[in-house]
Each structure stands twice: as C-alpha cells, then as structure tokens.
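> structure here, sequence nowhere to be found:
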C-alpha cells in the first residue's frame, strides 16, 4: 500500500523533483494531473504531498503557497537576505531597493547583510536601511564575523539569499554550512549524470531551509511583478508616517509641490537615496503599457 507524506521540494531537474520529508530525500515525478496543468507546476520551495513508491515517489498535490516568485522560480519564502557591500564591487543601493520592493510585496521580510566588513567596515548602508525599518547584519565571510548571528536568524525559516556577483555570497553560505554548495552541486551529477548547471535549490540548514538564488539581475521587476505605480509607496516603509499628509491627494511624491514625503527626506527622516530609488521605479512603472500590469 502506498504511503502519503508531506515534504518540501529542494530542487527540480529535467522533470525530477527532490523532496525533503523531514526524514529523507526522495526523487519524485509529478503526478499526471500536475504534469498537464501548466498553472500548477511544482516549484522549489513548494510544500507537497508525495506518494511513496519504494525509493521513489509521486507528487500528488501542491499545498497552498504563501508566496511565489517567478524569477527566480521559488515558493514559500519567509525572508530574503540581500547580501551587499561597500567594498569592491560596491553594491548599487538602487538594486537593494528594487529587490526589497519585490520581497515586501510578496510578504517576504527583507534583511540586509553587509558583507566584507573586514575590507570596508562602512556603516552607511546600515544607517539608511535601519531608518527604513529593515534588519541589518554585518558579516565577513573571511573572518566569520556575524556568521553565528546569521545562523540563528535562519532557524526554522525558509530563507533565500541574493546579491551581486563578487559580493562573497557563496563564501558566506559555505561559512554557514561547510561544503553546502559543493554538496548541492553534486546532487545533479549523481542523480542523472548529465545536469550539472546549478539552479535555484533549497538546502536544509539550521533546522530551516536556505536558498542560494541567482544575482540581482535575475530579479526583473518590470517583467515579473507588474506592480501598479500607485502601490509603490506601500513598499517603502519609512514613507508611512508621511502618507496622506501631502497637499494633493494621490500625490506621486515625484515633482508635486508641498509633498510630505519630499519634506521628510529634506528633514532626514527618509534617506535621499531611498527617495531617489522610489522615483526611479515610479517612472519605470509609469512607462509600462496597461496590459503589462494585468
């Protein structure tokens, strides 16, 4: 008799899904109904029901999702660690802001990780993003600074990491769990012997799940989220005390006179770089065609 168990999809390759059930990892295929339904395709991070068939399994159901990112394709994320640095290569704050908007809209907590503190211990980003209401953690993959605190933040959560190339993200992940990236790379080589390209996948770390996602360039807000420009102000938490205080209702906080958000920036309650990012995103959204937001 078959046995139904609940699990989490760690990785998908060529029609095969690797599901962690809490006691073991099972190689699965999707059931016929799921294979035929393009709108219900299994994704990394999905909680699923699996029918165990000896050493293999069949995914029979995708449980309701908390959230879903299309690029990179991953479901049910609790928190997104945005790895940044003010050491070379210096992270563009606009990219941090862009990704944090995507996270907040999906109900994901963005957390800023300031890596390479041994090279440049600047706290400029900390001042900006703590003011915006985001948790900020200082780390160094080289010295181990902040790694244990980071591990504690992963406990029992589904977490994703992203950051620009050369920021030390992979080194930081390997500090958390030595060899984890090498180990996950070997999964694809062992399982089918021909798929060696690393894709989005979850690792079981600190009693939670951790994903190493592609870099900032993969978070394409204009193609992926289609956020109406009128909603954008909601995803800049430090704007909240000023919303509804502008001279004109429906103020876009771009060029309007007597804008309370603009006044907040002039008084130091909002970082100028954050307001600049908001305005840049707003202008991009204003140029989208109406059908792109549907």
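Great, that's in hand. The shown structure was predicted, so the numbers you read here are calculated from the model rather than taken from an experiment.

> please make it C-alpha for all contacts and neighbour counts, starting now.
Noted.

> could you point out the longest helix in the protein?
helix 272-286 (DSSP state H).

> sec struct for the residue nearest in space to the middle of the chain, please.
The chain has residue 80 as the residue nearest its centroid, 4.1 Å off, counting by Cα atoms, centre = their mean. With DSSP: H, G, I helix; E, B strand; the rest coil as the basis, residue 80 sits in strand.

> likewise for residue 241?
Under three-state DSSP, residue 241 comes out as helix.

> next up, the contacts around it.
Listed by Cα atoms under 8 Å, 6 or more residues apart in numbering, the contact set of residue 241 is empty.

> state the distance from it to residue 108.
21 Å (Cα to Cα, to the nearest Å).

> what's the answer for residue 8, then?
Residue 8 is 18 Å from residue 108, by Cα to Cα.

> quick one: which of these two has more around it?
Neighbours per residue, other Cα atoms under 10 Å: of residue 8 and residue 108, the larger number sits with residue 8, 25 against 20.

> wouldn't the more buried one be in contact with residue 43 here?
No. Using Cα atoms under 8 Å, residue 8 makes no contact with residue 43, being 9.6 Å away.

> please, where are all the helices along the stretch 151-294 of the chain?
169-176, 180-191, 221-224, 260-266, 272-286 (DSSP state H, counting those that start in this stretch).

> least confident of the ones you listed, on average?
Ranked by mean pLDDT, these bottom out at helix 180-191, with a mean of 38.

> low-confidence ranges, this structure, go.
Regions of the chain meeting the criterion pLDDT under 70 cover residues 1-2, 37-38, 178-198, 214-225, 289-294.

> check the offset of stretch 97-109 from the chain's centre.
In terms of Cα atoms, centre = their mean, to the nearest Å, the centre of stretch 97-109 is found 8 Å from the chain centre.
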